[in-house]
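[1] Predicted coordinates and the sequence they were generated for:
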Amino acid sequence: MNNTFDINRFVLLLRKDIQENWKKYLIRILTIYGALTLVTTWSAFLTYSELEQGINRLKYLNRDLIVFTAFVFFIFGCISASMAMEPINSKTKRLVYLMNPSSSFEKYFSRWFIMTIGYMAVFFILFWLSDATRVLICSIRFPDIDVQFIHFDKFIGKDSYDYVFNNMTRFTFSVGLFSFIQSLFILGSTFWPKNSLVKTFSAGTIIFITFLLVCWCVISLLFENGMDNFGNALQQKTFGVQDTTIVGYMAILCIIFAVVNWVLAFFRFRESEVIKRL
């Protein structure tokens, strides 16, 4: 028998998780749907109201709706990731969950799968439902306006305010950045199963500010006028690297660090089987 990963055992574990927590998941799904519908409908209402007053911003509406949806996706993605270790956030839950007849990797991977892949799949379904709700509500409120669904023909394109991303590299960086930040919250949930969102955000903020201070000190030592000369050096491409190349490297680094955080989170989770942390 495979003691590391068995697909049948993994599916049973997923089914058990969903059956036991379907009410929690339903509430969270409705919350995301409500937030998406509220944000997109409100933005559309403002644009269509301005149109009735003679201010035409319709060509920017599609871009704005996608951007607002991306913000909701990012925020709830972090919240979802912070709940990855919810089954072990108390002593009783920990004992019940860890005594489940499945491997550590299956337990961890099931939680990772639900809070990442599962979250993204559910979110995109809710995205289409909320967009349909927006179209229905706005069509009733503004019967003389052709209310359209969100379309992605201007998702990635040239340097223009009509497009969400100027090029594919920036979109890849956004995906990598989201994966990295979400992985931090998954890792944080293994350190602080209780109140993981607040504690991880606080710890991340402190680390980020410390990192900025260290960078500022190093730049001040290396450049005579500090940040001014450093900014000029970047604008003049002193390092011989194009901006798109730098963004591409940053995207790769974000993805690599995300994988590292997921692996570290697994080892932290596995320690729970031998160390009782409350």
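    Sure, I can see it. Bear in mind that the values here come from a model prediction, so they are computed numbers and not experimental data. Residues are numbered from 1 along each chain as shown.
[2] Please make it C-alpha for all contacts and neighbour counts, starting now.
    Will do.
[3] Could you list the residues in contact with stretch 8-28?
    Applying CA atoms under 8 Å, 6 or more residues apart in numbering, the contact partners of stretch 8-28 are Ser102, Glu106, Lys107, Ser110.
[4] no wait, stretch 101-113
    Applying CA under 8 Å, 6+ apart, the external contacts of stretch 101-113 come out as 3-6, 9-10, 13-14, 81, 84-85, 186, 266, 269-270.
[5] Among the residues you listed, which ones are in helices?
    When the contacts of stretch 101-113 are checked against helices (DSSP state H), the matches are Arg9, Phe10, Leu13, Leu14, Ala81, Ile186, Phe266, Phe269, Arg270.
[6] Please check these and keep the buried ones.
    Listed as buried from those are Phe10, Leu13, Leu14, Ala81, Ile186, Phe266, Phe269, Arg270; burial here means 16 or more other CA atoms under 10 Å.
[7] right, and the pair among the contacts of stretch 101-113 with maximum separation?
    With distances taken as CA to CA, the most widely separated pair in the contacts of stretch 101-113 is Asn3 and Ala81, at 26.2 Å.
[8] picking that back up, list just the nearest of the ones in helices among the contacts of stretch 101-113 to Phe45.
    Ala81 (31.8 Å).
[9] what's the closest non-adjacent residue to that closest one?
    Spatial nearest neighbour of Ala81, chain neighbours left out: Ile186 (5.0 Å); criterion: CA to CA, 6 or more residues apart in numbering.
[10] Same check on Thr116?
    Once flanking residues are discounted, Thr116 sits nearest to Ala81: 7.0 Å by CA to CA, 6+ apart.
[11] show me the residues around the one you found that make contact.
    Applying CA under 8 Å, 6+ apart, the residues contacting Ala81 are Trp112, Met115, Thr116, Gln182, Ser183, Phe185, Ile186, Ser189.
[12] would CSV of these with secondary structure and pLDDT be doable?
    Shown next, in CSV, are the contacts of Ala81 (DSSP: H, G, I helix; E, B strand; the rest coil; pLDDT from 0 to 100):
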residue, secondary structure, pLDDT
Trp112, helix, 91
Met115, helix, 90
Thr116, helix, 91
Gln182, helix, 93
Ser183, helix, 92
Phe185, helix, 92
Ile186, helix, 92
Ser189, helix, 88
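[13] so which of those residues comes closest to Phe71?
    Taking CA to CA as the measure, Phe71 sits nearest to Gln182 out of those, at 13.4 Å.
[14] excluding its backbone neighbours, what's nearest the closest one?
    Residue nearest to Gln182 in three dimensions, not counting chain neighbours: Cys78, with 5.2 Å by CA to CA, 6+ apart.
[15] cool, and Ala265?
    Leu187 (4.6 Å).
[16] What number of residues are in the vicinity of the one you found?
    Neighbour count for Leu187, taken as other CA atoms under 10 Å: 29.
[17] can you pull the contacts of it?
    Here Leu187 is in contact with Asn261, Trp262, Leu264, Ala265 (CA under 8 Å, 6+ apart).
[18] could you dump those residues to CSV with neighbour count and distance to Phe124?
    Conversion of these to CSV gives the following (neighbours: other CA atoms under 10 Å; distance: CA to CA, whole Å):
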residue, neighbour count, distance to Phe124
Asn261, 22, 25
Trp262, 22, 23
Leu264, 16, 28
Ala265, 24, 26
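[19] Of those residues, which is the nearest to Phe201?
    Of those, the one sitting nearest to Phe201 (CA to CA) turns out to be Asn261, at 15.2 Å.
[20] quick one: pLDDT of that closest one?
    Per-residue pLDDT puts Asn261 at 93.
[21] which residues touch it?
    Going by CA under 8 Å, 6+ apart, Asn261 touches Phe180, Ser183, Leu184, Ile186, Leu187.
[22] tell me which element the first one is part of?
    What that stands for is Phe180. Here Phe180 sits within helix 168-191, counting by DSSP states H and E.
[23] Val72 now?
    Applying DSSP H and E, one finds Val72 within helix 58-82.
[24] how about that helix: buried residues?
    Within helix 58-82, the residues that qualify as buried are 61-66, 69, 72-74, 76-82, counting by 16+ other CA under 10 Å.
[25] next structured bit after it?
    Sequence-wise, the next helix or strand downstream of helix 58-82 (DSSP H and E) is helix 91-98.
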